[in-house]
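Asks: quick one, fold the following:
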Amino acid sequence: MFITAKEASKKWGISEARVTTLCKEGRIPNVTKKGNRWFIPINANKPADLRCYKVKEKFAHFKFIDLFAGIGGFHQAMRYLGGECLMAAEINEECIKTYNLNFKTIEKQLRGDVNNIDPLTIGPFDVLCAGFPCQPFSKAGAQQGFHDKKRGNLFYKIMDILDGHPEVKFIILENVRNLADKSENWDIITSELMKRNFYITEEPIILSPSDFGIPQIRERVYILGIRKDIRNEEILTNGFIHIDDLKLDKHFKQCQIGDAWSILEINVDDSYIIPEEQEEMIYAWDEFRRGTGIQVIGFPIWLDSFGVGIENDEIVFNSQGYDEMPAWKKKFLLLNRKLYINNKEFIDKWVQRYDMMNKIKLYKKFEWNCGKDVTNIHDCLIQIRQSGIRAKRPTFYPSLVAIINTPIIWDRKKQHFRKLTPRETANLQSFHAGFKFQGTDATKYRQLGNSVNVRILKILGKSLFNLANKGWNDGKNEK
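Replies: Okay, here's the model as predicted:
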């Protein structure tokens, strides 16, 4: 008899994603795979978690603080490595509730606004963790960087805390990918940390969960630092941490088509099924794709650029301001017009059947980003966003964001399209299976969209600590 990976995860108290990884690695004897699902012998024993035991034995007894803590991504990673959280700071009330729900021992040490914290009221600690606010650097913001008077200066609050704690040995910072786009931002970070006697990463480290076989594209910048006097001088020789020093290559793993399904739950509430109108529009565009006979659509489809019912190309182009368009947009307009002319009979009937001209704008746009790798719409990852309905290969999900734009998948059991559940998005962020959430689903999605990926931080933390002299956390290296 066999049980599913989901059932094994509950039986052993680990995540379903971890069970899947153990199956792939051959750690569970006599497993079998049918389609994308693994089945485990009912009498199989849980494999020993050698990763956890080795790490904790090596890095036990260090203390860390968790600034701009969110719901505790850094906390999970550092605790896994053997750390004790001395103090955390978070300003969002909903995040504070979730943090306290999961880390009850830190409740009295969880403070609010970082600006109101006197560095001298924090006890001695070894590691400073901070996912400092990304708005000054994000594409979604004004990108004022350190010139943002409200949020850009929060980096300097981190520096104030370091100035009050010369005993700090390591720094682990995280921010959005855009932080690395302006050399001015990176130069400020480099200069300030080097003033404080740290070797830091020579260049911004840009990593995504997908680099490690986790099915999510989410590029973030990581900044690591080690106090100069505790470094292993045989490895770090010229003032910087080089990417090769971290030995990340051994952790890299490429995502494959179908990996997106590895984070899914088996039994999901019907409330996650998408509205009937959305499902109809997904099927309508799938019918369009098949009806036009185009196996690969290599450009975005814009219904309003077809010129439905208009014979004269010039009228269509002039009505859309063709002469003032950038070159890329002119190209797509011409391709859409040609697609309509070549399939006019089918498209006219299709438009009328679904009353497409009266739909909202986002239903009038479609992208097929699967190439020839996928033929069935049920095998795609779907997004419904302001830029339209997008079908993607099931290799990895797009980046989780703080706004609600949850990916959609086909649930074979329910025979409907549905949104990812909060637990599934937590799997994409590598949150452990026992992590608890409170509040509405909207709150949970937002918190996870703002969070950090726990597995990446585990890997980076371990790699960073390995660059120190032996015995750095037994009290011998205190300064």
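
Asks: where's the closest residue to Y80 other than its chain neighbours, which helix or strand?
Replies: If you skip the residues right next to it in sequence, Y80 has K458 as its closest partner in space, 5.5 Å away by C-beta to C-beta, 6 or more residues apart in numbering. Quick note: C-beta positions are derived from backbone N, CA and C, even for glycine. K458 is part of helix 454-465 when elements are defined by DSSP states H and E.

Asks: pull the residues that contact that helix.
Replies: 55, 58-59, 73-74, 76-78, 80-81, 127, 129, 170, 172, 174, 205, 207, 209, 212, 214, 220, 222, 224, 226, 241, 246-248, 251, 429-432, 472 (C-beta atoms under 8 Å, 6 or more residues apart in numbering).

Asks: just the buried members of those?
Replies: Buried by 16 or more other C-beta atoms under 10 Å: 55, 59, 73-74, 76-78, 80-81, 127, 129, 170, 172, 174, 205, 207, 209, 212, 214, 220, 222, 224, 226, 241, 246, 248, 251, 429-432, 472, out of the contacts of helix 454-465.

Asks: over to the closest residue to I14 other than its chain neighbours. Which of the three states is it?
Replies: The spatial neighbour of I14 that comes closest, neighbours along the chain excluded (C-beta to C-beta, 6+ apart), is A433 at 5.9 Å. Under DSSP: H, G, I helix; E, B strand; the rest coil, the three-state class of A433 is coil.

Asks: what is the neighbour count of A433?
Replies: 17 (other C-beta atoms under 10 Å).

Asks: that one reaches V19, doesn't it?
Replies: No - counting by C-beta atoms under 8 Å, A433 sits too far from V19 to count as a contact (9.6 Å).

Asks: quick one, domains of this protein?
Replies: Annotated domains of the chain cover 2-41, 51-258+452-465, 266-420 [automatic domain parsing].

Asks: could you report the pLDDT at the residue nearest to Y80?
Replies: You'll see K458 listed with a pLDDT of 95.

Asks: for G83, see how far away it is.
Replies: Distance, K458 to G83, using C-beta to C-beta, to the nearest Å: 11 Å.

Asks: give me the more crowded residue out of these two.
Replies: G83 (26 against 21).

Asks: bridged to the more buried one, which residues?
Replies: Assessed by DSSP bridges, G83 has beta-bridge partners F62.

Asks: can you offset everything so residue one is 51?
Replies: Yep, numbering from 51; the last one is G133 now.

Asks: and stretch 160-167, what's buried?
Replies: Quick answer for stretch 160-167 (16+ other C-beta under 10 Å): 160-161, 164, 167.

Asks: pLDDT, distance to K113 and secondary structure for those residues - can I get that in CSV?
Replies: Below are those laid out as CSV (pLDDT from 0 to 100; distance: C-beta to C-beta, whole Å; DSSP: H, G, I helix; E, B strand; the rest coil):
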residue, pLDDT, distance to K113, secondary structure
L160, 84, 15, strand
R161, 85, 16, strand
V164, 86, 18, helix
I167, 88, 16, coil
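
Asks: which one of the residues you listed is nearest to Y495?
Replies: L160 (22.6 Å; C-beta to C-beta).

Asks: what's opposite the closest one in the beta bridge?
Replies: A138.

Asks: what's near enough to touch it?
Replies: Contacts of L160 (C-beta under 8 Å, 6+ apart): 119, 137-140, 146, 149-150, 153.

Asks: how near is I307 to D423?
Replies: Relative to D423, and taking C-beta to C-beta, I307 is found at 6 Å.

Asks: which residues are common contacts for those two?
Replies: With C-beta under 8 Å, 6+ apart, I307 and D423 have common neighbours R443.

Asks: now do stretch 408-426: distance from first to last residue.
Replies: Terminal residues of stretch 408-426 are spaced 27 Å apart (C-alpha to C-alpha, to the nearest Å).

Asks: kindly report the same for stretch 451-468.
Replies: End to end - C-alpha to C-alpha - stretch 451-468 spans 18 Å.

Asks: show me what counts as buried in that stretch.
Replies: Buried residues in stretch 451-468 (16+ other C-beta under 10 Å): 455-461, 467-468.

Asks: CA atoms only for stretch 228-239, dumped as CSV, please.
Replies: Presented in CSV, the C-alpha positions along stretch 228-239 are these (Å, rounded to 0.1, in the frame of the first residue of the first chain):
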residue,chain,number,x,y,z
ASN,A,228,16.7,47.2,-8.5
LEU,A,229,19.0,48.1,-5.7
ALA,A,230,21.9,46.8,-7.8
ASP,A,231,20.9,48.9,-10.9
LYS,A,232,22.5,52.1,-9.7
SER,A,233,26.1,52.1,-8.7
GLU,A,234,25.5,55.0,-6.4
ASN,A,235,23.4,52.8,-4.1
TRP,A,236,25.9,50.0,-4.0
ASP,A,237,28.8,52.4,-3.4
ILE,A,238,27.0,53.9,-0.4
ILE,A,239,26.4,50.4,1.1
